[in-house]
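Peer 1: Sequence isn't available, so here's the structure alone:
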Ligand SMILES: C[S@@+](CC[C@H](N)C(=O)[O-])C[C@H]1O[C@@H](n2cnc3c(N)ncnc32)[C@H](O)[C@@H]1O
């Protein structure tokens with residue numbers, strides 16, 4: 001994503017070295033940039049942005065071990081891990097697959113919010129909400145039930161694109177998202193009765209049992225490694241016959257991996273087993289891509305499940 005997080009070191013000289021290093025990095029002089037970043041970290045050892053950028057540069061220079069050491073420093077100096085150094089370590093094979101740091105997701109989407117819709121819809125051909133809408137209509141038609149829902153919850157609601165797609169079919173929407181800026185955008189649509197800045201799992205936990213007919217997650221499960229806890233809570237919150245629909249990215253292998261785009265990809269068997277283990281009935285699991293990358297569709301799944 002075309003946004004970069006910068007956390008000042010609090011030391012003017014170190015910050016200035018960082019700026020010079022970024023200039024050099026953008027001009028392609030990676031060795032000189034790395035050298036300046038090292039100097040910046042000597043001046044300010046707790047300078048997480050410098051450690052993180054050093055990690056990226058060392059990775060590009062093919063210095064894997066040095067990159068790992070720098071990313072570990074970035075994590076250590078910013079335990080909330082707003083840069084997502086832990087994800088880079090996972091990609092380098094130096095960390096176990098684990099949950100995405102909430103502070104990273106929040107920082108990423110807070111910065112992304114002003115240009116989110118242009119970037120995602122126009123540049124990446126994003127079609128997650130339309131895919132979910134079509135899939136939910138098909139699942140309801142197959143079950144001979146109307147596709148109208150009194151209460152719906154939009155997990156990782158972002159700016160509100162999924163609520164817009166379902167607007168005519170839902171009476172009352174609750175939106176939950178980690179990013180306050182995305183929530184502000186969602187609020188300005190007027191599509192939601194309630195909006196919560198929260199992690200989707202925590203948000204679901206605060207909802208009464210059997211209190212929603214529909215739960216959606218459009219392009220949001222790609223930020224959740226382990227689907228089991230969210231699926232179990234979704235089952236609790238849905239009424240009997242209620243519908244859960246989500247998109248995710250996928251891969252040909254087993255289980256869950258982290259992709260180069262720093263999003264998780266869930267294998268089809270993993271999704272099927274997780275849905276069933278949560279006590280939901282799988283109505284649909286289809287290979288459909290919700291967005292493009294480098295002008296090619298990213299492999300994805302559209303999943304619809306029903307509470308018995
Ligand atoms: C790619 S956007 C999709 C937004 C929207 N659903 C749409 O279709 O346009 C992903 C959103 O999920 C949110 N998100 C990611 N992980 C989350 C979590 N664990 N809990 C709540 N929101 C999360 C992000 O903040 C971001 O707004």
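Peer 2: Great, that's in hand. What you are looking at is a predicted structure, and each value in this text was computed from that prediction instead of being measured.
Peer 1: elements contacting the helix or strand encompassing residue 304?
Peer 2: Element membership for residue 304 (DSSP states H and E) is strand 300-306. Applying 3 or more C-beta pairs under 8 Å, 6 or more residues apart in numbering; DSSP states H and E, we find strand 300-306 packed against helix 128-142, strand 238-249, helix 268-277, strand 281-287. Just so you know, the C-beta spots here come from the backbone N, C-alpha and C atoms, and that holds for glycine as well.
Peer 1: Rebuild these as a markdown table, extending it with distance to residue 41, mean neighbour count and mean pLDDT.
Peer 2: Formatted as a markdown table, these follow (distance: least, C-beta to C-beta, whole Å; neighbours: other C-beta atoms under 10 Å; pLDDT from 0 to 100):
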| stretch | distance to residue 41 | mean neighbour count | mean pLDDT |
| --- | --- | --- | --- |
| helix 128-142 | 40 | 19 | 97 |
| strand 238-249 | 34 | 22 | 98 |
| helix 268-277 | 39 | 18 | 98 |
| strand 281-287 | 45 | 15 | 97 |
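Peer 1: Including distance to the ligand, could the ones you listed go into JSON lines?
Peer 2: JSON lines is the format used below for those (distance: least, C-beta to the nearest ligand atom, whole Å):
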{"stretch": "helix 128-142", "distance to the ligand": "5"}
{"stretch": "strand 238-249", "distance to the ligand": "8"}
{"stretch": "helix 268-277", "distance to the ligand": "16"}
{"stretch": "strand 281-287", "distance to the ligand": "18"}
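Peer 1: what's the strand holding residue 304 in contact with?
Peer 2: With C-beta atoms under 8 Å, 6 or more residues apart in numbering as the test, strand 300-306 has contacts from 131-132, 135-136, 138-139, 143, 231, 241-250, 266, 268, 271, 275, 278, 280-291.
Peer 1: any idea how far residue 303 is from residue 42?
Peer 2: For residue 303, the distance to residue 42 equals 50 Å [C-beta to C-beta, to the nearest Å].
Peer 1: what does residue 113 give?
Peer 2: Going from residue 113 to residue 42 by C-beta to C-beta gives 35 Å.
Peer 1: which one of these two has more residues nearby?
Peer 2: Higher neighbour count among residue 113 and residue 42: residue 113, with 21 against 12, using other C-beta atoms under 10 Å.
Peer 1: which residue sits closest to that one, ignoring its sequence neighbours?
Peer 2: In space, and not counting its chain neighbours, residue 113 is closest to residue 181: 3.7 Å by C-beta to C-beta, 6 or more residues apart in numbering.
Peer 1: my guess is the one you found meets residue 115, correct?
Peer 2: No. Judged on C-beta atoms under 8 Å, residue 181 makes no contact with residue 115 at a distance of 11.1 Å.
Peer 1: which SS class is residue 154?
Peer 2: Following DSSP: H, G, I helix; E, B strand; the rest coil, the label given to residue 154 is strand.
Peer 1: circling back to that earlier point, quick one: check the strand holding residue 304 for contact with the ligand.
Peer 2: No. Shown here: strand 300-306 not in contact with the ligand (C-beta under 6 Å from any ligand atom), separated by at least 12.2 Å.
Peer 1: Quick one: mean pLDDT over that strand.
Peer 2: Mean per-residue pLDDT for strand 300-306: 98.
Peer 1: mind checking how far it is from the chain centre?
Peer 2: 17 Å (C-alpha atoms, centre = their mean, to the nearest Å).
Peer 1: Mind listing the strands it pairs with, and their directions?
Peer 2: In the sheet, strand 300-306 lines up against strand 238-249 (antiparallel), strand 281-287 (antiparallel) (DSSP bridges).
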